[in-house]
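K.L.:
Return a 3D structure for these sequence lines:
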Amino acid sequence: MSAANQLLTAIQARLADDTELSAMIGPEGLRDRLVSGRKLPAVVVADIASNDYSTATETGAEHLLTLEIWTDAGGRGQASTIAERLRAMLQDAPLSLETHHLVGLLHQSTRTRREPKTRLHVAEMRFRAVTEVVV
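P.N.:
Numbers count the residues shown, from 1 in each chain. This is a model prediction of the structure:
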């Protein structure tokens, strides 16, 4: 399994095990895509881009991850509250990966907006992670 997939698996496991987050988004609130007709709020893995980040002595990768929090009735405030919880859970989290070592996972930015067509609110969070191959 790639480092990116291992990272996503570890992040999803961490988020799924948190009772406070589960109370905010419900049992089906963590998804890999936004599906119309499903209950909101939801946390969606929107995007991950991986780049070679190897050094002369270590094989590594940089991962730029985007998580989105979608809300309807709760609006921007609800999206921001959930984003704060995600940041607290993921910022420099000690996640275990199978064949890679997580060097660091850092929050880079959060942006909230209202989607004009759907009238839903979304908070877009960007994280940067660096992984190395375990030798």
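
K.L.:
Next secondary structure element downstream of the lengthiest strand in the chain?
P.N.:
The residue-count maximum for a strand in the chain (DSSP state E) belongs to strand 100-114. Remark: after strand 100-114, the chain's next helix or strand is strand 121-133, criterion DSSP states H and E.

K.L.:
helices or strands next to that next one in the packing?
P.N.:
Packed against strand 121-133, as judged by 3 or more Cβ pairs under 8 Å, 6 or more residues apart in numbering; DSSP states H and E, are the following elements: helix 3-16, strand 60-71, helix 75-90, strand 100-114. C-beta coordinates here come from the backbone N, C-alpha and C atoms, glycine included.

K.L.:
what helices or strands is the lowest-mean-pLDDT helix or strand in the chain leaning on?
P.N.:
Sorted by mean pLDDT, DSSP states H and E, the helices and strands of the chain end with strand 30-31, the least confident at a mean of 90. The elements that strand 30-31 packs onto, with contact taken as 3+ Cβ pairs under 8 Å, 6+ apart, are helix 3-16, strand 42-52.

K.L.:
Find the centremost residue of the protein, please.
P.N.:
For the chain, L67 is the residue whose C-alpha lies nearest the centre (Cα atoms, centre = their mean; 4.1 Å).
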